[in-house]
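> Have a look; sequence and predicted model below, questions after that.
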Amino acid sequence: MTNELDIFVGNTTLIDEDVYRLWLDGYSVNDAVALRVRSGILEQTGATAAVLQSDTMDHYRTFHMLERLLHAPPKLLHQLIFQIPPSRQALLIERYYAFDEAFVREVLGKKLSKGTKKDLDDISTKTGITLKSCRRQFDNFKRVFKVVEEMRGSLVDNIQQHFLLSDRLARDYAAIVFFANNRFETGKKKLQYLSFGDFAFCAELMIQNWTLGAVGEAPTDPDSQVDDMDVDLDKEFLQDLKELKVLVADKDLLDLHKSLVCTALRGKLGVFSEMEANFKNLSRGLVNVAAKLTHNKDVRDLFVDLVEKFVEPCRSDHWPLNDVRLFLNQYSASVHSLDGFRHQGLWDRYMGTLRGCLLRLYHD
Amino acid sequence: MPGKLKVKIVAGRHLPVMDRASDLTDAFVEVKFGNTTFKTDVYLKSLNPQWNSEWFKFEVDDEDLQDEPLQITVLDHDTYSANDAIGKVYIDIDPLLYSEAATVISGWFPIYDTIHGIRGEINVVVKVDLFNDLNRFRQSSCGVKFFCTTSIPKCYRAVIIHGFVEELVVNEDPEYQWIDRIRTPRASNEARQRLISLMSGELQRKIGLKVLEMRGNAVVGYLQCFDLEGESGLVVRAIGTACTLDKLSSPAAFLPACNSPSKDMKEIPFNEDPNPNTHSSGPSTPLKNQTYSFSPSKSYSRQSSSSDTDLSLTPKTGMGSGSAGKEGGPFKALLRQQTQSALEQRGGSPHRFCRRREFPFFTLTAFPPGFLVHVGGVVSARSVKLLDRIHNPAFVGIMGNTRSYKLLDWNSFNSDEPETRDAWWAEIRQEIKSHAKALGCHAVVGYSESTSICEEVCILSASGTAAVLNPRFLQDGTVESCLEQRLEENLPAGCGFCHIPYDELNMPFPAHLTYCYNCRKQKVPDVLFTTIDLPIDATVIGKGCLIQARLCRLKKKAQAEANATAISNLLPFMEYEVHTQLMNKLKLKGMNALFGLRIQITVGENMLMGLASATGVYLAALPTPGGIQIAGKTPNDGSYEQHVSHMQKKINDTIAKNKELYEINPPEISEEIIGSPIPEPRQRSRLLRSQSESSDEVTELDLSHGKKDAFVLEIDDTDAMEDVHSLLTDVPPPSGFYSCNTEIMPGINNWTSEIQMFTSVRVIRLSSLNLTNQALNKNFNDLCENLLKSLYFKLRSMIPCCLCHVNFTVSLPEDELIQVTVTAVAITFDKNQALQTTKTQVEKSLQRASTDNEELLQFPLELCSDSLPSHPFPPAKAVTVEKASPMSEGNFRNRSAPPCANSTVGVVKMTPLSFIPGAKITKYLGIINMFFIRETTSLREEGGVSGFLHAFVAEVFAMVRAHVAALGGNAVVSYIMKQCVFMENPNKNQAQCLINVSGDAVVFVRESELEVVSSQPPTANCQSSCPGGDVTT
């Protein structure tokens, strides 16, 4: 006696959160059943393994049918086939678009192309996440990227509107899209200590301050096609950053800057001497990073450079985080007192964001 | 031109990509009604076209309006090749034809294709302007309301319940026409869908005409079925109960309690029947004194049934069945004679009633209080027939566009065929009627008919509950007579219906009678089987439970007549065994009555399946059931004896456990009050044969009979052993779960509003190796039990909950396949309040007393309302006013609500029950009756058979919901999946499925929203909203 056919359809679609998670994690029906058995559900409910198998199959079928709709979440809201309460719809969408930290660290900043997709095998082996789950996550990234890539307006808002994600998740996706678009290198060994959260934090600051969309609410030139784009860095701004070079190229200016910072921080910094000794190196590093951003390749290496030129030197001298904060604040602020320097606005736009990023990146 | 149909195509969304090159679609719409077709413009390159068409107007007969569906086809325009069909929407415009239902159909409909399923949605607005034209000869029956609900719909009051209406129409099945060989599967499916839609429309119209003839205005308990007879054709038949209904004028907002029919009856003393001169003032005489002829050999226990074949190969033992000829004359005369029952004469009803009421049958399962006087027991009849090809000349243009589709002239086409089918059913009904008569009953309630077809053999089945009814509902009795009736009969609440209607000296079957445990005045049987719902006023102890008897019997493969003979030889044995199983299981549960009994016999190529489902309860009026005794055949064998006693212990333990589980603790005090019972030694009796001889002689005070009729199971062979084992293998549902197949569960009355309707389908393949009866039985038993277990597991998040209206359907699609389809609704209830209901006996009797008081209080109420004759036509007036303003506003609000709520789709509830817990139905929008075919030639790609059917069932639900929402409704009540025919051919990667569903579209309002005005506590509201919610007293 074998079950040739076995279905259960509710007027309200039944969603089992645990089974949904197993499905999202890419387990086969049999693996899912085994995992559920291990969770002790049989003892709790007095069910048999056959019941569990049938139940799991049913849910998997439902999820499979829902998947097509989940690719365009607004469709899930308007479709008539599955009657799902709004709270459940939100849960389905949110969980479907949720991703694993380990996975996102692997693909963050990579081109979301077929090539990368081929590497998913390796990623799966490396992270222990099933290939199926990797594919789903990768396809999610790619799908969101494709939809919002060319869109005007706020990146987070666009994602939220088209994928109905929570604010938190939409922000994460904004970071993923932003990183994928700008191809920031995140995979180097040096950067391994950084979490996705660190990068997402930086991405948000950069989107807010360094993109075209960041310049103003209304585009100044209505004919401009590239206005108000959140995904691309403001090219003009990057060009202008060259001007900052004077801060390290002009010896007087550099000395003046150093003395201003040192005067202000004397006695306040535990690592004052180290700071004093390293000031020129650090300043050179930070300004050179800015000056190099005209080249795409250097943009990609932004995080590598920041870690190399700033985080690592400080860390080797054991700067406490608070000292780093005091230093960066003073370092940025002191420039306003440099009479010969004319690019105060530019400096603030650059340093304001960079300071935030560096503070976030500065940990073990 | 009595009607103008107006249609507007607004927009489409989520259309499929039809042009691969552009990934877009150039969609346009064809709107067709009858022979007229309109087209919208082509909306280029969009998956979300905005047609915003003009109003397409069709000027048509109201007859066409009733028969024809509106057909909307969405197509993709193609400049170079033929336009591709995207899909269709069929809209039944019937709900627009009667005044109180919907006024407009407007909303998003799924676009359905029989090959691809749902492909996007289309927004349509439909309106009808009807011109009254009463002078012409009426072919249409616009205005007759149809309800699937098998009780008087919640916002109506029954003025008269006229009785049985039936009709059937026959046609050739398009799938079996020669043209099917050259047309595409899609065209064939669509022809079938359209034909069935037409036939249903025609059938409904014809039934409507009959109702008008009876001067009724509604059909309640309307049940329409299809018989797919294959080569021999397609039969669409329907039965129902004609009624004259009054819309309750008092807006519910002020009186949430008026939900319960008992109050409805009393609040409105007026009736608008056109015959005010028919007074029934004759004295009411007891019904007991009639004499009946009966044949005890035929019937066993409470169930009277028979099986015979058309071929008369088996001697007909049932009374009345043999003489039922096909000639109209003598047949009708006989009927007329029989319908002149004492009851009708007494009521002084005019003779026209008698002539019309050929069969005093009622498809209702729940009744207004006082309607049901006595219940006799289940009556059923089956008949095996051989199907012939339906002669249907000149029916070729089926897929085309001509009038040949119309079934109008259909009687002239094949004059004999419907007659044949009619005669078959008439024969069966006649038999049912005579069974009922043998039980001392003049009517049959909870009546239903069904068929099972395999190749050219067809089993026709009918069953119902023999009953004695109160005549005041059957004719336009006046209020005075009702009062009189009530005062005179003065039946104690909750036991009257249990009292035997038949003569105890001349019992139709060996039965065991005792005095009613409730009133001590009348005799009651020891067990009662019925097909109806538990009456609202019945006194029940503890909770009920679902009881099923399952049975398989192998049958040799045979052809035609030999096959029919084999089947009809097997049928009596099956019925007997099903009955035995039911009885044993009932006793095992410690209960004494079955409600909602439905026995289904399914015929397959090489086997017969029997599945009986019912809800067991403990009726306080009936005696405590005796236990089950096991007797061994070989008493000398010591180890065997030990085994037997071991089994006996197990059974006793199970009974004790069940009594605890279902909270069955009948009052012990009763016997002390009456006098000490005479202890008698336990008598052993054979199965199902209780000692009726002695029961006639016992003294009136002897109530001890209940103790001595212990059932004896003789374990004389392995078969019997298996039976005992199978008795014990039925596991009770996990704690927190209850199940029943009636509307509500006795003993639970605090439902919350969380409901989940579902359909579950399972097909098992039997390994051909072990095809013995035992193995079959075990497989079938496991299938049902596992299915139930799965349901309990799936719905565990709803605990505490009850599966209500559990409806099992068995079919045998192929040699080794068994298909079981279950539809039910899970309803959660409040655990805290549930605990309160498990109160002690004292409280229970106290409560009973209080309900008695309530009963008494209602008389002054009645009189009060009676003495207010100042409103000349209050109900009529109120109805029109209501129709004019608040309802249409309600509609508007309903329709505009979904877009506001986050632009999600409005929720539509579906339930097989006639009510929605915690809510009040404010309006019935019309009947939903839909038939769908789905076919695939890429079964594997669609996820195999399970994937295919899962998607299809989900789609069917979606289409039902969409239609209800478009009517302005938010729920379907009395929903039923009447058919789910699944066929597969995995080798060809093909599958096909036909689904037929129906129900009543309604508007409901949450009671919490109504409560603002009401001062009643919520518990009271809840109770009143559920019919029978106050069962446990």
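Good, I have the coordinates.

> Please make it C-alpha for all contacts and neighbour counts, starting now.
OK.

> Verify the assumption that residue A:319 is located in a helix.
No. Using DSSP: H, G, I helix; E, B strand; the rest coil, the secondary structure at residue A:319 is coil, not a helix.

> Can you give me the neighbour number for it?
Residues near residue A:319, counting by other Cα atoms under 10 Å in any protein chain shown, number 20.

> before we move on, what about residue A:338?
Residue A:338 has 16 neighbouring residues, counting by other Cα under 10 Å.

> now do the one 5 residues further on
Residues within reach of residue A:343, counting by other Cα under 10 Å, total 15.

> try residue B:518
19.

> ok, it - contacts?
B:495, B:620-622 (Cα atoms under 8 Å, 6 or more residues apart in numbering or on different chains).

> Which of the residues you listed sits closest to residue B:1004?
residue B:495 (33.1 Å; Cα to Cα).

> Touching, that closest one and residue B:539? I think so.
Yes. Between residue B:495 and residue B:539 there is a contact under Cα atoms under 8 Å: 6.9 Å.

> which neighbours do these two share?
B:620-621.

> Can you pull out the low-pLDDT segments for the stretch 1-150 of chain A?
A:1-2 (pLDDT under 70).

> what does it put close to chain B?
Residues of the stretch 1-150 of chain A found near chain B (Cα under 8 Å from any Cα of the partner chain) are A:1-12, A:45-47, A:51-52, A:54-55, A:61, A:65, A:75, A:77-83, A:86.

> which residues pair with the residue of the stretch 501-650 of chain B found nearest chain A across the strands?
Distances between the stretch 501-650 of chain B and chain A by Cα to the nearest Cα are smallest at residue B:552, namely 14.9 Å. Beta bridges link residue B:552 to residue B:609, judged by DSSP bridges.

> Can you pull the residues of chain B lying near chain A?
Residues of chain B lying near chain A (Cα under 8 Å from any Cα): B:14, B:110, B:734, B:756-767, B:779, B:786, B:789-790, B:793-794, B:903-905, B:907, B:909-910, B:945-947, B:949-951, B:953-955, B:957-959, B:962.

> Which members of those are positioned in helices?
B:779, B:786, B:789-790, B:793-794, B:945-947, B:949-951, B:953-955, B:957-959, B:962 (DSSP state H).

> List the buried residues of the strand or helix carrying residue B:653.
Residue B:653 is part of helix B:638-661 when elements are defined by DSSP states H and E. For helix B:638-661, the neighbour count (16 or more other Cα atoms under 10 Å in any protein chain shown) marks B:641, B:644-645, B:647-648, B:651-652, B:654-656, B:658-659 as buried.

> And for stretch B:211-221?
For stretch B:211-221, by 16+ other Cα under 10 Å, it's B:211-212, B:214-221.

> just those now: which is nearest residue A:323?
Of all the buried residues of stretch B:211-221, residue B:221 has the smallest distance to residue A:323: 83.1 Å, by Cα to Cα.

> Skip the chain neighbours and tell me the closest residue to that closest one.
residue B:150 (4.0 Å; Cα to Cα, 6 or more residues apart in numbering or on different chains).

> and that neighbour, what pLDDT?
We have a pLDDT of 90 for residue B:150.

> ok so residue B:422 is a helix residue?
Yes. The assignment for residue B:422 by three-state DSSP puts it in a helix.
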